[in-house]
Structures are given as structure tokens and as C-alpha cells.
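A.B. asks: 3D model of this:
(4 chains)
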Protein chains: 2
Amino acid sequence: MLETSARLLHLLSLLQMRREWTGPALAQRMEVTERTVRRDIGKLRTLGYPISASPGIAGGYQLGAGAQLPPLLLDDDEALAVAIGLTAVTASPVAGVGEASVRALTKLEQVLPARLRPRFSGLRSAVTRMAAPSTPVDPAVLTALSAAITERRIVAFRYERHDGESSRRLVEPYRLVDTGRRWYLVAWDTVREDWRTFRVDRCRSIPSPRARFTARPLPATDLARYVQKSITRSPYSYDAVIRLSAGIREIEQRIPAEIAELTSDGPDATILRAGFDSLDYPLMQLASLDVEFEILEPEAMRVRAAELAGRLRRAAGGTGTVYAR
Amino acid sequence: MLETSARLLHLLSLLQMRREWTGPALAQRMEVTERTVRRDIGKLRTLGYPISASPGIAGGYQLGAGAQLPPLLLDDDEALAVAIGLTAVTASPVAGVGEASVRALTKLEQVLPARLRPRFSGLRSAVTRMAAPSTPVDPAVLTALSAAITERRIVAFRYERHDGESSRRLVEPYRLVDTGRRWYLVAWDTVREDWRTFRVDRCRSIPSPRARFTARPLPATDLARYVQKSITRSPYSYDAVIRLSAGIREIEQRIPAEIAELTSDGPDATILRAGFDSLDYPLMQLASLDVEFEILEPEAMRVRAAELAGRLRRAAGGTGTVYAR
DNA sequence: CGGGCCGAGGACAGAACCTGTCCTCATCGC
DNA sequence: GCGATGAGGACAGGTTCTGTCCTCGGCCCG
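C.D. replies: Residues are numbered from 1 along each chain as shown, chains lettered A, B, ... in the order given. A predicted model of the protein is given here:
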């Protein structure tokens, strides 16, 4: 029987590895008779895994997509790839799957064989460095928080406030919320005895787990909305208004709707409104559009644009004639 | 017995979900006696999964990292996160795990429940758009090729040559090679009856599988090196030489070693050599360093820097005094 | 030190399941 | 029609599983 459980997993692994298998091939691979293979296939079907079959020449079995996801059986390199991919997603959260990616990464790290850890560490820093220039978060902070949330453990960490001063916090962590730009932790502050929303990028130490706690009712059902309300200021350092010298139709095709709000300003001009945490990246993206643009707000963005312009001009050195596009 | 296989997977799932479980909690969750839980734990141990135990108050079981990776049991959101993460890695390959990430993504897509596919499609295009601006590759092309490689199926696709003309190809695909910047396919061309190395970003249709083929000996044991040799020209559109006005120690800390070759040019200057496929992104990154720099080569990069400088200058408009840093 | 909470594992009875072997039937492509 | 595929019942001989009961050991706390 124990041999059967192992064999069923092996069968599942083979079906994931290649799309099509014949009964005789599976029987040989698993060292049982074809009758037993047919029985095992039936068992997997009973367990809910949809395996289709076609008889005759070029026939065989195929594992398809069913109502539930089967256990994923990965080899070493595949596991590393998954870990790296999840790390990339946590570094630049994609709306809606942020917390799930941290949870999945926590699961994977728990069981990652020791021989793969050095490679993972090396590749991890490469991915973190390549992430889009928003506020950087240490993946280790995220996974530590995720584990504490799952296991209902109080965590201690050093937290830096907006004025730069850091203090020690002891909290019951409940939820990680990703706003698409930043990670927040919704937690009950055990010292202040009230709910607090923490910016994860301001966490200055790896949260260390303490005693268990009993869950209390959450402060809201929609925690993403709750976090948005908790943020007393604009989530961005800069709220920009930019006039682009191209019609809105053209601009819509080149700038994702989630990033900016676009308003038509006549047949050949578009007003773009968006928030940014830093200026360099958006400035260079705007310059790369090869569309003339004008910064209406904020002043700081105009100053920065002039600085970058100067540096690029000097870097170009003794270029002869510049042809305007 | 069938019930036992399912129960073992369920137990594994619980152990992955939370770090610590007591026997009584597991027994209640799975609706068996504690004695059966102890037996099941023993079975998982026999299967190779290292489960540690601590007796007494605050005791329990913990699934640890062993010699092999256990089957991963994920919920819907976690599966989506994994899929998105793998898509991100295939879009910007991290050296060494590129092919594995495609293989893993192919496995996952095969079993992804239908109800998750629309969400996956939506999130996938978001990730692809955010990828670093190297040569874009459709993830669907990669996974179709990976499946064909695994199943030894000839594939047909339209391929665009460097002169822009596209033709139909019928090939035996053997390996996907990621050079860190681009994807290549090593394949046997059935029409020309010779080995060919294809750039995946030039594949203009989703490869469709045809008949099976019998594997032939590969043209080399080290296919990454083979691909590098096959590329008759520099892999990059531009080979740049840039002089930075800062010491090499400072620059090394801010520019990843894999991206550029750095040479000291005195105590306050550094020569940077690197290849690029486009100019805007590197120019943006260089300008953002807040270090004066000079483009020694190529001329095209100087021209582009001047263009961007002009556009940024005009965008800054009537800025008053510009303070040099 | 005792009590309670945890994990460990042997022994037994009654029940359930597993595998190979053999067989008949159906579908598919050439 | 033939050969290659999948489907599944029946049987004999053997194996495994579960709950129940029990003893033992470690850990923490009052």
C-alpha cells in the first residue's frame, strides 16, 4: 500500500512531465503490469484528476486541467525557477496576487533542499536588483511575516517612522496587503492596543516570531480599502500632470491604463495624471515615447528633468548636428 | 487504500500550510485517530519527507527540507502567483534557470483549471509589459516549444530573418538556450537537413506540433557554448564604451557585475564596457546614477543622448535656476 | 515531584485492499 | 482485417489498514 501511494505520485509526475503516455510505456517505467496501470489511472480519476484516453494507434493517456490543481512535482531547476519567479513578483507586486505569492514562496522555502539554497540566494539578489524602482522590500521580511500570519504568532521588529526614527514594535500580524506599489502589514499593536498599518519597506529587521495569539475580529472586511483609507497622504511622493503632444488614441496604446489617467486636450494633445515615488524612471519613460511633452506639475519634476537633460547633454559631448524627430 | 493515498496528500498539504501541527490537531482535521496520524507520519518519513517532532507542551510536527522536494500543494491564488512569477522569469531570463522556468510553466499551464485562465491571461500581459526592455518573447511561444521538445515532436512556425523576410520552418526542436539576454532554439531543420539555431523572438507564430521524431545525437555537449559560437555577430546591437567620473569601487557597488565590464581609469574615473540592444534604458540608468559620464562609443548612443536631453530640456520648460549636483 | 501535554510504537481482531493472471470487448489508423 | 491502443470483470493468494488498548519517554509548569 505504501508502495502504491508512492507509485501514484510517480505516475502523476510522469503525466506532468510529458503530455502523452501509453499504458505499456507507463507499465514499463513503473515496473508493474498494464492492468495495474489501468487501475492506478482509475484511482487518480477517482481522486479528481482528469485523465483523458484515446485508443488505437497514437493513443494513450493525457493529464488535463480539472476543477482542482494537482500536486506539482518539480525537479531541482524547476523549483529554483519557481522560487526566483515568486521572488520577482514579491519585489514588484502584481495587483491581486501579491499576498499569495508571498505565501507560496514561504511554503517553498520551507522545503527547499539545502543543496539549492546557495544558488537561490545568489539568483535572488540578482532578481531583486532588477526589479522596477519602487520602494524595495526584502523578500525575507515578507516571508517571515507571512509565516507569522499563518501560524498566528506575535512578531517583533524594528520599524522606521517617516521622520526617520526607529522603534521596536510587538504586534499581532493579520494581513499583508499589496497596493500595487507598496506592501503594508495590517496588525494589532500590543503596546498601543490598537490597529496599525505598517509599511513593510520601513521594517528595519527581520520580524522574529514570539508567542501565539488568539485572533481578534478584523477592523474591516475589505482590508485593501481599509489600508487605502489609513494612508493619510497621497500614496505617492509626486502627483504629476503632464501634457503630451499627441492624441489620446495614440497615447492609450502605449501607456497602460492602470498607471495613468489620460484626458484629451484637443486632437493633438493629451493630459496625463499619475503619481510617482521617484522621478527618474517616469521621466525616462516619457522621454522614450518620442513624443514632445511638457511638465505642468510638479516643479520638482521639472528641476529633475533639467538636471538629467544637462547630464545627458554633457555625456553626448561633441555631437555634431542633432536632428529633431 | 485509495482513501489513504488521498489522506497522505492532505496531510502533506497541511504540513506545508503551517509550520507546526500537533497530532491531535491533525487527527481532528483529517477525521482519523491519533494513532493513524502517527502511522501516516511514519509513512511520509519512509517516503523521504523529513518530519521532525517535539514532545510536550508547544510540541508537534514540522515538515523540513530534505534531500528531495515534496509535491507542492497550492491553492488557486498561489498557483496564479507561481504562473505569473515564472512568466516574469521567462520574459527576463536569469542565467541558468531559463529553460527550467519554461518547463515548469508548461507543466503548470497544462493543469491550470479553466476558471483561472482568464485571470492568468490578464495578469500575464501586465508582467510581460513590465519586463526589462530586451527583445520581447511571447511566453506562449516558449511553452509551445518546451512541450514539443519534451514530447519529441516536429514543430512548424513562421520565422523572420534578420533582413525582415519571413519563411515557414519545419524543425525537430532539441533545446531552448537562454544566453541571459535572448532565447535561442537549437533544432534540426528537416528541409535543409542541418542544425540551425533560431532566435525565439523572431518566431512569428505559435509553433504547432506535428509528427513525432526519433532523437539524433546533439551537435555539441555544451549547447550554450555551441549557441554562442553560432552567433556570427555580437549578440548586441550596440557595444558601448563609457567613461564614468567616479572611482571603480563606487561604481562596482551600483552596477551588477554580470551587466558590464569595469576598468579603473585613475582614482576618480572608471571605464565601463557593455553591450545593449536598445539605448534608452541604459541611458536612463546611467543618467540616474547621478555621476557625470561621457559616451566614448558608439556614436549612435551620443546622438540618442542628445535627443533625449533636448526633449527633457523642453519638457522642463521655464525652469528657473538649475543647480548642478 | 506530579500532572498534563505532547510524540513513539507494539499487539490484536476484523475488515479491506492489492497484484498478477486471464479474459472479453471497444476504438482507432493504416 | 490487423495490430496497437484503452476498458474493466473475476479469481486466488497475499498484504495492508484501522481502531482500540497499552506502555514508554520527553518537556514544561506549578
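A.B. asks: ok, how many other residues are close to the closest residue to residue A:196 other than its chain neighbours?
C.D. replies: Among residues not flanking residue A:196 along the chain, residue A:189 sits closest, at 4.6 Å (C-beta to C-beta, 6 or more residues apart in numbering or on different chains). The C-beta positions use only the backbone N, C-alpha and C, and glycine is treated the same way. Neighbours of residue A:189 under the rule other C-beta atoms under 10 Å in any protein chain shown: 14.
A.B. asks: need the strands for the stretch 1-150 of chain A, in chain order.
C.D. replies: Using DSSP state E, counting those that start in this stretch, the strands assigned to the stretch 1-150 of chain A run over residues A:20-21, A:51-54, A:60-63.
A.B. asks: Looking at these, which is nearest to residue B:207?
C.D. replies: Of all these, it is strand A:20-21 that lies closest to residue B:207, at 17.1 Å by C-beta to C-beta.
A.B. asks: what's next to that closest one, contact-wise?
C.D. replies: For strand A:20-21, contacts defined as C-beta atoms under 8 Å, 6 or more residues apart in numbering or on different chains pick out A:14, A:15, A:60, A:61, A:62, B:151.
A.B. asks: tell me which residues of the longest helix anywhere in chain A are tucked away?
C.D. replies: Longest helix of chain A, by residue count under DSSP state H: helix A:299-316. By 16 or more other C-beta atoms under 10 Å in any protein chain shown, the buried positions in helix A:299-316 come out as A:301-313, A:315-316.
A.B. asks: I'd like the strands of the stretch 1-150 of chain A written out as TSV, with distance to residue A:282, mean pLDDT and mean neighbour count added.
C.D. replies: Output for the strands of the stretch 1-150 of chain A, formatted as TSV (distance: least, C-beta to C-beta, whole Å; pLDDT from 0 to 100; neighbours: other C-beta atoms under 10 Å in any protein chain shown):
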stretch	distance to residue A:282	mean pLDDT	mean neighbour count
strand A:20-21	49	90	18
strand A:51-54	49	91	13
strand A:60-63	45	91	20
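A.B. asks: would you list these in JSON lines and tack on distance to DNA strand C?
C.D. replies: JSON lines is the format used below for the strands of the stretch 1-150 of chain A (distance: least, C-beta to the nearest atom of the strand, whole Å):
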{"stretch": "strand A:20-21", "distance to DNA strand C": "13"}
{"stretch": "strand A:51-54", "distance to DNA strand C": "6"}
{"stretch": "strand A:60-63", "distance to DNA strand C": "11"}
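A.B. asks: do you know which of those lies nearest DNA strand D?
C.D. replies: Nearest to DNA strand D, of all the strands of the stretch 1-150 of chain A, is strand A:51-54, at 3.1 Å by C-beta to the nearest atom of the strand.
A.B. asks: any bit of that closest one sitting next to DNA strand D?
C.D. replies: Yes - using C-beta under 7 Å from any atom of the strand, strand A:51-54 reaches DNA strand D at A:53, A:54.
A.B. asks: Sheet-wise, list the partners of that strand with their directions.
C.D. replies: Strand pairing for strand A:51-54, determined by DSSP bridges: strand A:60-63 (antiparallel).
A.B. asks: Next one: the partner strand, is it in contact with DNA strand D?
C.D. replies: Yes - residues of strand A:60-63 contacting DNA strand D under C-beta under 7 Å from any atom of the strand: A:60, A:61.
A.B. asks: Contacts for that strand next, please.
C.D. replies: A:12, A:15-16, A:19-23, A:25-26, A:41, A:49-54, A:70, B:110-111.
A.B. asks: how about CSV for the contacts of strand A:20-21, with distance to residue B:37 added?
C.D. replies: Below are these laid out as CSV (distance: C-beta to C-beta, whole Å):
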residue, distance to residue B:37
A:14, 30
A:15, 29
A:60, 38
A:61, 34
A:62, 35
B:151, 41
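A.B. asks: any idea which of those residues is closest to residue A:136?
C.D. replies: Closest to residue A:136, out of all of those and judged by C-beta to C-beta, is residue A:15, at 40.4 Å.
A.B. asks: Figure out how far the longest strand along chain A is from the centre of its chain.
C.D. replies: Looking across chain A with DSSP state E, the single longest strand is strand A:166-178. Computed by C-alpha atoms, centre = their mean, to the nearest Å, the separation of strand A:166-178 from the middle of its chain amounts to 20 Å.
A.B. asks: do the same with stretch A:305-315
C.D. replies: Here stretch A:305-315 is found 34 Å from its chain centre; the criterion is C-alpha atoms, centre = their mean.
A.B. asks: Tell me the pLDDT of residue A:308.
C.D. replies: pLDDT recorded at residue A:308 is 92.
A.B. asks: cool, residue A:1 as well?
C.D. replies: Among the per-residue scores, residue A:1 holds a pLDDT of 41.
A.B. asks: pLDDT below threshold where in the stretch 101-250 of chain A?
C.D. replies: Counting by pLDDT under 70, the stretch 101-250 of chain A has low-confidence residues at A:125-135, A:180-181, A:231-235.
A.B. asks: what about the closest residue to DNA strand C within it, distance to residue B:190?
C.D. replies: Among all residues of the stretch 101-250 of chain A, residue A:212 sits closest to DNA strand C, at 11.8 Å; criterion: C-beta to the nearest atom of the strand. Residue A:212 is 64 Å from residue B:190, where distance means C-beta to C-beta, to the nearest Å.
A.B. asks: what does residue A:107 give?
C.D. replies: According to C-beta to C-beta, residue A:107 and residue B:190 sit 44 Å apart.
A.B. asks: any idea how far residue A:51 is from residue A:65?
C.D. replies: As defined by C-beta to C-beta, residue A:51 lies at a distance of 11 Å from residue A:65.
A.B. asks: next one: residue A:292
C.D. replies: Distance check for residue A:292 against residue A:65: by C-beta to C-beta, it reads 49 Å.
A.B. asks: just to revisit the earlier point, do I have it right that the residue of the stretch 101-250 of chain A closest to DNA strand C meets residue A:152?
C.D. replies: Yes - assessed by C-beta atoms under 8 Å, residue A:212 is found in contact with residue A:152 at 5.5 Å.
A.B. asks: The two: which is more packed in?
C.D. replies: residue A:152 (16 against 13).
A.B. asks: domains of chain A?
C.D. replies: With domains defined by automatic domain parsing, chain A comprises A:2-63, A:74-234, A:238-315.
A.B. asks: Quick one: mean pLDDT over stretch A:252-263.
C.D. replies: If you average the pLDDT over stretch A:252-263, you get 75.
A.B. asks: Repeat that for stretch A:67-75.
C.D. replies: Summarised as a single mean, pLDDT over stretch A:67-75 is 88.
A.B. asks: quick one: buried residues of it?
C.D. replies: Within stretch A:67-75, the residues scored as buried using 16+ other C-beta under 10 Å are A:69, A:70, A:71, A:72, A:73, A:74.
A.B. asks: now swap in stretch A:35-48 and tell me
C.D. replies: A:36, A:37, A:40, A:41, A:43, A:44, A:47.
A.B. asks: Spatially, which residue comes closest to the fourth one, not counting chain neighbours?
C.D. replies: Translated: residue A:41. residue A:51 (5.7 Å).
A.B. asks: Isn't that neighbour up against residue A:40?
C.D. replies: No - taking contacts as C-beta under 8 Å, residue A:51 lies outside contact range of residue A:40: 10.0 Å.
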